[in-house]
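Novice: Take a look and give me a structure for this.
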Amino acid sequence: QVQLVESGGGLVQAGGSLTLSCAASGRTFSSYTMGWFRQAPGKEREFVAAHTWIGGTTYYADSVKGRFTISRDNAKNTVYLQMSSLKPEDTAVYYCAATSSQWGVRDARVYNYWGQGTQVTVSS
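Specialist: Here you go, the predicted model:
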């Protein structure tokens, strides 16, 4: 079992920056691919970024590429999402997720564990 707790959400002006953190329980954090997803009101949950546990490969949605950076600290059992040049369309609840899979990591269905989410609001 893996429990995930996100933090770092809040209100920020357009063009600003914010860093989300996701703390994971369990001793096998380093064996999980970690992902970030987001869901805006009235929209489906969408992939944002992922960091695999083999090779540390990172994946990004086209909409955030060049603005967001995913990283992880296995010693702290924590994954981060650094967000910069934020836009109002980035407003959403952001979720951290974990999967033992190395494949299909853009698909929410491969993730076994989810956090409760943290709200990010970008004002124009």
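Novice: in this protein, which spans are strands?
Specialist: Along the chain, the segments classed as strands by DSSP state E run 4-7, 10-13, 18-24, 33-39, 46-51, 58-60, 68-73, 78-83, 92-99, 113-114, 118-123.
Novice: So for D107, which of the ones you listed sits nearest?
Specialist: Minimum separation from D107 across those (CB to CB) falls at strand 46-51, 7.5 Å. Yep, even glycine has a C-beta here, placed from its N, CA and C like the rest.
Novice: Tell me the strands beside that closest one, with direction?
Specialist: strand 33-39 (antiparallel), strand 58-60 (antiparallel) (DSSP bridges).
Novice: What score does F29 have for pLDDT?
Specialist: pLDDT for F29: 83.
Novice: That one: what's it in contact with?
Specialist: Contacts were defined as CB atoms under 8 Å, 6 or more residues apart in numbering; by that measure F29 touches V2, N74, N77, A98.
Novice: Can I get those in JSON lines including neighbour count and pLDDT?
Specialist: Output for the contacts of F29, formatted as JSON lines (neighbours: other CB atoms under 10 Å; pLDDT from 0 to 100):
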{"residue": "V2", "neighbour count": "21", "pLDDT": "90"}
{"residue": "N74", "neighbour count": "14", "pLDDT": "90"}
{"residue": "N77", "neighbour count": "19", "pLDDT": "93"}
{"residue": "A98", "neighbour count": "25", "pLDDT": "96"}
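Novice: Quickly name whichever of those is closest to Q39.
Specialist: Using CB to CB, the contacts of F29 come closest to Q39 at A98, 17.3 Å.
Novice: what bits of the protein have low per-residue confidence?
Specialist: 27 (pLDDT under 70).
Novice: Alright, calling it a day.
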